[in-house]
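Participant: Next one to model:
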Amino acid sequence: MKTTLFTALACFAGLTLFAQTNKVTVLTYNIHHGENLKKELDLQGIANVILATNPDLVALQEVDSVTQRTQKVDQLKELASITGMYTYYAKAMDYDGGGYGTGILSRFPIENGVTIQLPSAQSGNEPRVAGIVTVKLPSDSLIQFVSTHLDAGQKPTDRLLQSAALAEHFKATQLPIILAGDLNAIPSAKEINVLRKIFTDATPQVAPTIPADAPKEKIDYIMVHPKHNWTIVSARTIEESVASDHRPVLCELELK
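Facilitator: Residues are numbered from 1 along each chain as shown. Okay, the predicted model is just below:
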């Protein structure tokens, strides 16, 4: 009887520990509005990457919402239908009869979401945003997850403004944060150093991410804040060379 009771209690403790895990697998992916390197619209190819890597949180960039060029498909909704995940869409601008921006997929319930506009040095530049959601982990811990896409111009002017705006926005945030996205800057760039004043790069050693068929530079990142709240378990670039013009980055994190 004592042995049976002890075994039951041990199993219950193990199940409780498993249920309360704070491990989070994060994928960031610039999906090039679902157009692959063969110039074909293939949203299923993007979905296949997500299904194969099985992330808990996904930051997507260059996501179309019912535009003419992508056959009026709500791309985030379609990916959610295939993967069974919750969604939040952060529209950066109106485009081609619909919208264009960043998206979030989450296996965890989304408590709330907000989109913040990022600054630009002059009017007429492509608008940039950050989509921010608060999600509840299985342990009931709350975290913020951010998907963003910084300016792609040759000069870093807008990226510096946008990095500074993100650092300022999150410096006083009480919840642990994961920021992911296409930052359009290499690790040594000034705009990345601006973000590093607040965030820690969880993917410092990953392989280059662009161009997808022969990557030479890393411009896609997963970052965390505050550093003492997070353990970086693993990080890697996924060797997918066709589905988009970027390769995706996958990272496993644990909230302490």
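
Participant: residues making contact with stretch 35-49?
Facilitator: Stretch 35-49 is contacted from outside by 27, 29, 31, 34, 70-71, 73, 75, 78-79, 82-83, 212-213, 238, 240-245, 248, using C-beta atoms under 8 Å, 6 or more residues apart in numbering. C-beta: built from backbone N, CA, C; applies to glycine.

Participant: what does stretch 180-188 give?
Facilitator: Where contact means C-beta under 8 Å, 6+ apart, the residues beyond stretch 180-188 that reach it are 26, 28, 30, 57, 59, 61-62, 102, 130, 145-152, 156, 159, 163, 191-192, 195, 201, 204, 217-223, 246, 249.

Participant: Now that stretch: buried residues?
Facilitator: Using 16 or more other C-beta atoms under 10 Å as the test for burial, stretch 180-188 gives 180-185, 187.

Participant: Same check on stretch 28-46?
Facilitator: Neighbour counts using 16+ other C-beta under 10 Å place 28-37, 41-43, 45-46 of stretch 28-46 among the buried residues.

Participant: same check, this time on stretch 72-83
Facilitator: Going by 16+ other C-beta under 10 Å, stretch 72-83 has these buried residues: 73-76, 78-80, 83.

Participant: CA atoms of it as PDB?
Facilitator: Listed in PDB are the C-alpha atoms of stretch 72-83, where the atom choice follows Å, rounded to 0.1, in the frame of the first residue of the first chain:
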ATOM      1  CA  LYS A  72      -7.200  37.600 -51.700                       C
ATOM      2  CA  VAL A  73      -6.000  34.900 -49.200                       C
ATOM      3  CA  ASP A  74      -5.800  35.900 -45.500                       C
ATOM      4  CA  GLN A  75      -2.400  34.300 -45.100                       C
ATOM      5  CA  LEU A  76      -2.200  34.400 -41.300                       C
ATOM      6  CA  LYS A  77      -5.700  32.900 -41.000                       C
ATOM      7  CA  GLU A  78      -4.800  30.200 -43.500                       C
ATOM      8  CA  LEU A  79      -1.600  29.300 -41.700                       C
ATOM      9  CA  ALA A  80      -3.500  29.200 -38.400                       C
ATOM     10  CA  SER A  81      -6.100  26.800 -40.000                       C
ATOM     11  CA  ILE A  82      -3.300  24.400 -41.000                       C
ATOM     12  CA  THR A  83      -1.300  24.600 -37.800                       C
END
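
Participant: rewinding a little: out of the contacts of stretch 180-188, which are inside strands?
Facilitator: Secondary structure assignment (DSSP state E) places 26, 28, 30, 57, 59, 61-62, 102, 130, 145-149, 201, 220-223, 249 from the contacts of stretch 180-188 within strands.

Participant: Which stretches in the stretch 51-200 of the chain count as strands?
Facilitator: Read by DSSP state E, counting those that start in this stretch, the stretch 51-200 of the chain holds these strands, from start to end of the chain: 57-65, 86-95, 98-106, 110-118, 128-136, 142-149, 177-182, 200-201.

Participant: Could you tell me what pLDDT the model assigned to the spatially most central residue of the chain?
Facilitator: Of all residues in the chain, the one closest to the mean position by C-alpha atoms, centre = their mean is A59, 2.4 Å from it. Reading off the confidence values, A59 has pLDDT 99.
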